[in-house]
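1. Based on what follows, work out the 3D shape:
(one chain, ligands or ions: 1)
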Amino acid sequence: MPDSTLYWLNGRLRPEQEAVIPVMDHGLLYGDGVFEGIRFYHRRPFRLAAHLQRLADSCAAIRLTLPYTREKLAEAVDEIIGAFPEENGYLRLMVTRGTGPMGLDPAGCTRPNAILIAARLEMVHPELRQEGVRLIIAATRRLPADGLDPRIKSLNYLNPILARMEATRAGAQEAVLLNGQGRVAEGSAENLFIVRDGLLATPRPVDGALAGITRGIILALAAALNVPAREVPLTPYDLYTADECFLTGTGAELIPVREVDGRPLRHCPGPIFSTLARAFHEQVERETHPEGQAT
Ligand code: PMP
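-> Residues are numbered from 1 along each chain as shown. Here you go, the predicted model:
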């Protein structure tokens, strides 16, 4: 399959050889930067305003000035989607602190770098989307929320990467990270939900969950569909004994889980998962289909 990845850097689309960042960029030297992952469907970005808001919040939290207005970033998104060879895909929008002298002080970094990449993304094999994935509970913990607020989508993903490596070694597709207190936080790049006795439950941001945009949509859809839902502390036991479990994220969309640490779940895909997944995809169509309500 030909590589269809596109690159936009600091104001314009560029060929891959020109889409380069200097080695002295503090994003590379120190992971000093933030990002968003955004999907587009029918050449329309899904929930772009929410992603741009979260990016602006991440920037504010680390005192990084967004080098472009949200309007300009939205134009860049339109431009890269327009040039992409397919109707659906994934965008990675990053802002780094920029180039500066060696040393942690970012005062010498005067110009942040803004990067936008459009690519295909297949998080899991389509068959696994149907059958469900295997999870392990990783030994690697989520960084404590009082060390680095999980709402900052920073460029440093070492903990989730280490957790994913554990999953792969164990023959599983995804890892669950616990926080320092042993409570479930989330997957490596997804939020996690369980269903028990008809109740939908997901960990709270204070327990280390990112306030995921997909997570928010699922909670809103659950409310609209009269599925009782709660943000509650969860432990590995809750996962082992759940009726259903699934992961949510921009890249993941909704992925059912069939096994946690070798314990098969009762239903996969379960009825509540299936109801919410259908409602989610209908919502995506409503918001991105060129004919609006026509789904
Ligand atoms: N948790 C983490 C750590 C993530 O990186 C992501 C993906 N951005 C998510 C959860 C899911 O969030 P969203 O639905 O906003 O993509």
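2. where does the chain have low pLDDT?
-> 1-2, 292-295 (pLDDT under 70).
3. How about the residues of this protein by the ligand?
-> For the chain, the residues found near the ligand under the criterion C-beta under 6 Å from any ligand atom are 37, 186, 189-191, 210, 212-215, 248-250. All C-beta atoms are positioned from the backbone trio N, CA, C, and that covers glycine.
4. quick one: which of the residues you listed is most hemmed in?
-> Neighbours were tallied for each of these (criterion: other C-beta atoms under 10 Å), and the maximum of 28 neighbours falls on E186.
5. For it, which three-state class applies?
-> Counting by DSSP: H, G, I helix; E, B strand; the rest coil, the backbone at E186 sits in strand.
6. Residues contacting the helix ranked longest in the chain, please?
-> Residue-count comparison of every helix in the chain, with assignments taken from DSSP state H, identifies helix 271-288 as the longest. Counting by C-beta atoms under 8 Å, 6 or more residues apart in numbering, helix 271-288 makes contact with 40-42, 44, 46-47, 195, 198, 200, 214, 217-218, 221-222, 224-225, 227, 244, 246, 253-254, 256, 267, 269, 292-293, 295, all of which sit outside it.
7. Tell me how this structure divides into domains.
-> Using automatic domain parsing, the domain parsing of the chain gives 6-119, 126-285.
8. hey, C-alpha coordinates of stretch 139-150 in PDB?
-> Output of stretch 139-150 as PDB, limited to C-alpha atoms (Å, rounded to 0.1, in the frame of the first residue of the first chain):
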ATOM      1  CA  ALA A 139       3.300  -3.400  36.100                       C
ATOM      2  CA  THR A 140       4.200   0.100  34.800                       C
ATOM      3  CA  ARG A 141       2.100   2.700  36.600                       C
ATOM      4  CA  ARG A 142       0.500   5.800  35.300                       C
ATOM      5  CA  LEU A 143       2.400   8.900  36.400                       C
ATOM      6  CA  PRO A 144       0.700  10.300  39.500                       C
ATOM      7  CA  ALA A 145      -1.800  13.100  38.800                       C
ATOM      8  CA  ASP A 146      -0.100  15.300  41.400                       C
ATOM      9  CA  GLY A 147       3.200  14.800  39.600                       C
ATOM     10  CA  LEU A 148       2.000  15.600  36.100                       C
ATOM     11  CA  ASP A 149      -1.700  16.400  35.500                       C
ATOM     12  CA  PRO A 150      -3.100  13.800  33.100                       C
END
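9. Can you get me the start-to-end distance on stretch 91-102?
-> From its first residue to its last, stretch 91-102 covers 30 Å (C-alpha to C-alpha, to the nearest Å).
10. What residues of it count as buried?
-> Residues of stretch 91-102 classed as buried: L91, R92, L93, M94, V95, T96, R97, G98, T99, G100 (neighbour count, 16 or more other C-beta atoms under 10 Å).
11. Out of the contacts of helix 271-288, name the ones that lie in helices.
-> Of the positions in those, T214, I217, I218, L221, A222, A224 sit in helices, assigned by DSSP H.
12. ok, of those, which come out buried?
-> The buried subset of those - by 16+ other C-beta under 10 Å - is T214, I217, I218, L221, A222.
13. Distance from stretch 16-24 to the middle of the chain?
-> Between the mean C-alpha location of stretch 16-24 and the chain-wide mean there is a distance of 25 Å, by C-alpha atoms, centre = their mean, to the nearest Å.
14. Same list (the buried ones among the ones in helices among the contacts of helix 271-288) but as TSV, adding distance to E87.
-> Rendered in TSV, the data for these read as follows (distance: C-beta to C-beta, whole Å):
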residue	distance to E87
T214	20
I217	21
I218	24
L221	24
A222	29
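15. Out of those, which comes closest to the ligand?
-> Distances from the ligand to these, taken as C-beta to the nearest ligand atom, are shortest for T214 (3.2 Å).
16. Keeping just the C-alphas, turn stretch 232-248 into CSV.
-> The C-alpha atoms that make up stretch 232-248 are tabulated as CSV, following Å, rounded to 0.1, in the frame of the first residue of the first chain:
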residue,chain,number,x,y,z
VAL,A,232,-16.0,5.6,40.0
PRO,A,233,-12.8,4.3,41.3
LEU,A,234,-12.1,0.8,39.8
THR,A,235,-9.7,-1.9,40.8
PRO,A,236,-8.3,-4.9,38.8
TYR,A,237,-11.0,-7.0,40.6
ASP,A,238,-13.8,-4.9,38.9
LEU,A,239,-12.2,-5.6,35.5
TYR,A,240,-11.9,-9.4,36.2
THR,A,241,-15.5,-9.7,37.2
ALA,A,242,-17.1,-7.3,34.7
ASP,A,243,-19.8,-8.3,32.3
GLU,A,244,-18.4,-6.2,29.6
CYS,A,245,-15.3,-4.0,29.1
PHE,A,246,-14.2,-1.7,26.3
LEU,A,247,-11.7,1.0,25.4
THR,A,248,-12.4,4.4,23.8
